[in-house]
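K.L.:
I would like to see how this sequence folds:
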Amino acid sequence: MKFSIDKHEKYIIIKPEVEKLISPESTSLKSEIVQNNTAGFKNIIIDLSFIKYIDSSGLSALLLGNRLCKNQNGSFLITCPTEHVKKMIHISML
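P.N.:
Next up is the predicted model:
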């Protein structure tokens, strides 16, 4: 899966560059989140502007990121979700 990654001193922005965040892509996103969190980034921003569809595995990747950042007293932010993604996030109570 292709990502755009923008690292700053106190946070990182991860932007998946696919239209669907489904099983294979969400596994790659989880790995990217875990690697960067382990490397010391406790504040992670996920830019979902390319994502038009997300399934339960994609939501699981977002929940993992939220949990990892929260456990390190950091912040996990989701930006630029489409209407479909907003609905799925709202339904899942993320």
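K.L.:
pretty sure Cys69 contacts Ser75?
P.N.:
Yes. Counting by C-beta atoms under 8 Å, Ser75 is a contact partner of Cys69 at 6.0 Å. Every residue, glycine included, has its C-beta placed from N, CA and C.
K.L.:
For those two, indicate the residue with more neighbours.
P.N.:
Cys69 (20 against 14; other C-beta atoms under 10 Å).
K.L.:
joint contacts of Cys69 and Ser75?
P.N.:
Lys42, Asn43, Ile44 (C-beta atoms under 8 Å, 6 or more residues apart in numbering).
K.L.:
what's around the first one, how many residues?
P.N.:
As a burial measure, the neighbour count of Lys42 was computed by other C-beta under 10 Å and equals 18.
K.L.:
and it, which of the three is it?
P.N.:
Secondary structure for Lys42, judged by DSSP: H, G, I helix; E, B strand; the rest coil, is coil.
K.L.:
State the distance from it to Glu17.
P.N.:
24 Å (C-beta to C-beta, to the nearest Å).
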